[in-house]
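1. how would this look folded up:
(one chain, ligands or ions: 3)
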Amino acid sequence: MTSVATPGLDNAPTTHARLLAWVREMAELTQPDQVVWVDGTDEEWERLTQRLVDAGTFTRLAKKPNSFWCASDPSDVARVEDRTFICSVDEADAGPTNNWMAPDEMKAVMTELYRGSMRGRTMYVIPFCMGPVEAENPMFGVELTDSEYVVVSMRVMARIGSRILEAMGTDRPFVPAMHSLGAPLADGQEDVPWPCSQTKYIVHFPEERAIWSYGSGYGGNALLGKKCYSLRIASAMARDEGWLAEHMLILKLTSPQQKTYYVAGAFPSACGKTNLAMLEPTIPGWKVETIGDDIAWMRFGEDGRLYAINPEYGLFGVAPGTGWDTNPNAMRTIDNGNSVFTNVALTDDGDVWWEGMTEEPPAHLTSWKKQDWTPDSDEPSSHPNSRFCTPITQCPILAPEYTDPKGVPISAILFGGRRKTTIPLVTEARDWNHGVFMGATLSSETTAAATGAVGVVRRDPFAMLPFIGYNAGDYFGHWVETGKMHDSTKLPRIFYVNWFRRDEDGGFLWPGFGENSRVLKWVVERLEGTAAAEETAVGHVPTADSLDVSGLGMTEDQVRKALAVDKDEWRQEIPQITEWFEKFGDKLPSTMWDELEILKSRLA
Ligand SMILES: Nc1nc2c(ncn2[C@@H]2O[C@H](COP(=O)(O)OP(=O)(O)OP(=O)(O)O)[C@@H](O)[C@H]2O)c(=O)[nH]1
Ligand SMILES: O=C([O-])CC(=O)C(=O)O
Ligand SMILES: [Mn+2]
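-> Ligands and ions are numbered 1, 2, ... in the order given. Below is the predicted model of the structure:
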């Protein structure tokens, strides 16, 4: 018992001993004014969103029901990869792609940061479950946070509240996910609309399956069920337990013959997952339905097929570029309301706007920096990593099986990046190991989804570079082993796509968005054995007439350029891939070197 009782600490709505002990320990450390157990009700949402409005954090939108505009501190706008740590016991288990510090050392540093860090604030206890709570082994977590913005966003992004706490019973395992803004308030000190700290730590203890986050209120740094749990911690669980936790969209595709296929796709942050997951096909007779837009957890079923679930409950999508022309289903989803928009622009009549929503910008806006904005302004109205946070259940093309704990059987996996050159529109891997090689060498230009330079080509293996919770060499090995352990005729086929290749004038060679359905059609026809392909040095590429470009208005030359395998360009990749692989020393599966030799000899 604390000498001065903290309201909410002694009358908890659970008898889960480990949870109670942890909440008490963290409350004593961070010293909030009170502890509130989040129940997930509409009344609670009303109370918290109103509180955020009163604090100047949220502006209620007149034009969208139950929706809010929010601008973050300009320094807290994206994931901070240089402040993200994998604190495995052994440094080698973090590998060359992660930041590392010894767990004890990190805990000592962060304990001092957390000491008193919630003073003047409320500690919210958010019980949550990633994936359906009806699953055989529900994947529980509990986030402690002093941010109302986090509570409200978590309610959109995950299954949370009393029903989850109840399902946790008295002793079910859960991932403790500790979060503090690092902005305590002294007596009488006035709050700011977006409290955060200049000191940031996003930390994972993979053996303990625990998360400690400090200093940021934004997205993947603070909504700990998402990247921290469902990718970094879950990837470590998946390695130990023989499954896959991946940065992938999941979509359901129905052909004109009414046959259904489930496709997963791994593209780096801000490289097209949400858009592909919600695609409106431009070719007649084809239908796409959404299952997930960011994360896939995949396990093998008794029938030997790979089944995927979407552990999330909402969409945290990139706003700029989202419009009625490019992603009408996202527009319909947010029009249903119940959404939070962060770092977009506010219109004078109480709606949101961002670059790419409409061709003509409004004459006047309030920018994400809360400044007057007109089309003559020098800076964009919205931050390039501005986001909509909206319930997935509002998506008009949501596939009903998205809640099925069993998941959906995946027929094809797409890897993709953002590359101006070199990478063809679509390439099919020769086999699983070649597909793993494609994933392991995936490259992409950096985007605004993380702080740092934008547009720099880097290796982003499996689109998981910032999300692999252990040694990436071991992760490649896990993929190779996964192929070995299962019936190769039932494994998903692997493809490598690039929507972002440019012509000499810098324009996109491929129109993208809804037209990507033509690539999905070719993928399905490859699965069915009906589409032709040319065997090139880098894999199977569509022949000029096997890709359906009817009515697209592209010249033959443009199609040829989008599909081209330029051996000179590819030869330039070899030293980069070699250098990349050398990082992993003997952790790199030898099959990856074998694949590189095959590529070299085919390019010779
Ligand atoms: N040219 C082109 N741009 C695209 C295409 N698909 C998506 N984009 C743009 O790329 C940006 C990111 O797309 P998203 O679908 O939000 O990317 P994401 O992979 O979901 O990103 P995260 O949510 O950060 O993981 C947006 O500005 C889109 O408009 C495409 O096919 N062609
Ligand atoms: O995590 C975030 O902040 C947003 C996101 O989806 C990503 O960066 O991939
Ligand atoms: Mn997305």
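
2. mind listing what the residue in the stretch 101-250 of the chain that ligand 2 sits nearest to touches?
-> As assessed by CB to the nearest ligand atom, ligand 2 sits closest to G220 within the stretch 101-250 of the chain, at 2.2 Å. For every residue, glycine as well, the C-beta is placed using N, CA and C. Contact partners of G220, counting by CB atoms under 8 Å, 6 or more residues apart in numbering, are 79, 226-228.

3. same check, this time on G95
-> Contacts of G95 (CB under 8 Å, 6+ apart): 86, 468, 470-474, 584, 587.

4. switch the cut-off to 7 Å
-> Counting by CB atoms under 7 Å, 6 or more residues apart in numbering, G95 makes contact with 470-473, 587.

5. pLDDT score for it?
-> In this model, G95 is scored at 98, pLDDT.

6. Can you name the residues that contact Y402?
-> Neighbour list for Y402: 291-292, 310 [criterion: CB under 7 Å, 6+ apart].

7. cool, L244 as well?
-> 238, 298, 482.

8. what does the stretch 251-400 of the chain put close to ligand 3?
-> Those residues of the stretch 251-400 of the chain that sit near ligand 3, judged by CB under 5 Å from the ion, are 273-274, 317.

9. quick one: the strands in the stretch 501-604 of the chain?
-> Assigned by DSSP state E, counting those that start in this stretch, the stretch 501-604 of the chain shows strands spanning 533-536, 539-542.

10. Run me through the strand neighbours of the first one, direction for each.
-> Within its sheet, and counting by DSSP bridges, strand 533-536 is paired with strand 539-542 (antiparallel).

11. surely E569 meets I423?
-> No - using CB atoms under 7 Å, E569 makes no contact with I423, being 8.9 Å away.

12. More neighbours: these two, which one.
-> Between E569 and I423, counted using other CB atoms under 10 Å, the more crowded position is I423 (27 against 13).

13. in what helix or strand does that one lie?
-> For I423, there is no enclosing helix or strand under DSSP states H and E.

14. Now the stretch 301-450 of the chain against ligand 1: closest residue?
-> Here the residue of the stretch 301-450 of the chain nearest ligand 1 is G321; by CB to the nearest ligand atom that distance is 2.4 Å.

15. how about I160, what does it touch?
-> 38, 40, 126-128, 154.

16. Mind listing the residues bridging to it?
-> On the basis of DSSP bridges, I160 is bridged to F128.

17. mind checking how far it is from ligand 1?
-> According to CB to the nearest ligand atom, to the nearest Å, I160 stands 21 Å off from ligand 1.

18. How much space separates that residue from K490?
-> 36 Å (CB to CB, to the nearest Å).

19. hmm, back to that, looking at the contacts of I160, which one is closest to E207?
-> Within the contacts of I160, the smallest distance to E207 is 21.7 Å, found for F128 (CB to CB).

20. thought P176 was touching W22?
-> Yes - between P176 and W22 there is a contact under CB under 7 Å: 5.5 Å.

21. Counting neighbours around each, name which of those two comes out higher.
-> Ranked by neighbour count (other CB under 10 Å), P176 and W22 place P176 first, with 21 against 18.

22. Check for me that the more buried one belongs to a helix.
-> No - counting by DSSP: H, G, I helix; E, B strand; the rest coil, P176 falls outside a helix, being strand.

23. Skip the chain neighbours and tell me the closest residue to it.
-> In this structure, P176 finds its nearest non-sequential neighbour in A210, 5.1 Å apart by CB to CB, 6 or more residues apart in numbering.

24. Give me the phi and psi for that neighbour.
-> The phi/psi pair for A210 (degrees, to the nearest 10) reads phi -130, psi 150.

25. does the closest residue to ligand 3 within the chain count as helix, strand or coil?
-> Using CB to the ion, the closest approach of the chain to ligand 3 is made by T274 at 3.4 Å. Three-state call for T274 (three-state DSSP): helix.

26. what is the rounded mean pLDDT of the helix or strand encompassing V109?
-> For V109, the element it lies in under DSSP H and E is helix 103-114. Per-residue pLDDT over helix 103-114 has a mean of 98.

27. Which other helices and strands does it contact?
-> Where contact means 3 or more CB pairs under 7 Å, 6 or more residues apart in numbering; DSSP states H and E, helix 103-114 is packed against helix 17-30, strand 201-205, strand 210-214.

28. Buried ones in it, by neighbour count?
-> 103, 106-107, 110, 113-114 (16 or more other CB atoms under 10 Å).

29. what angle sits between that helix and strand 201-205?
-> Put simply, helix 103-114 runs at 140 degrees to strand 201-205, going by axes from the mean of the first three to the mean of the last three CA atoms, to 10 degrees.

30. out of the helices and strands packed on helix 103-114, which comes closest to K600?
-> Among the helices and strands packed on helix 103-114, the nearest to K600 by CB to CB is strand 201-205 (36.4 Å).

31. Return the most buried member of the strands of the stretch 501-604 of the chain.
-> For these, the largest average neighbour count (mean count of other CB atoms under 10 Å) is found in strand 539-542, namely a mean of 24.

32. Not counting it itself, show me its contacts.
-> 424, 426-430, 434, 496, 522, 531, 533-534, 563, 565.

33. Buried among those residues? Need that as a selection in PyMOL.
-> Typed into PyMOL, the line below selects the buried ones among those, using 16+ other CB under 10 Å:
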select buried, resi 424+426+427+428+429+430+434+496+522+531+533+563+565
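
34. Looking at the contacts of strand 539-542, which is nearest D191?
-> For the contacts of strand 539-542, the nearest to D191 is Y496 (48.2 Å; CB to CB).

35. Can you give me every residue that contacts the closest one?
-> Shown in contact with Y496 (CB under 7 Å, 6+ apart): 415-416, 423, 427, 438, 539.

36. From A450, how far out is the spatially closest residue to W580 that is not a sequence neighbour?
-> Using CB to CB, 6+ apart and skipping the chain neighbours, the partner closest in space to W580 is R459 (4.8 Å). Distance of R459 to A450, computed by CB to CB: 15 Å.
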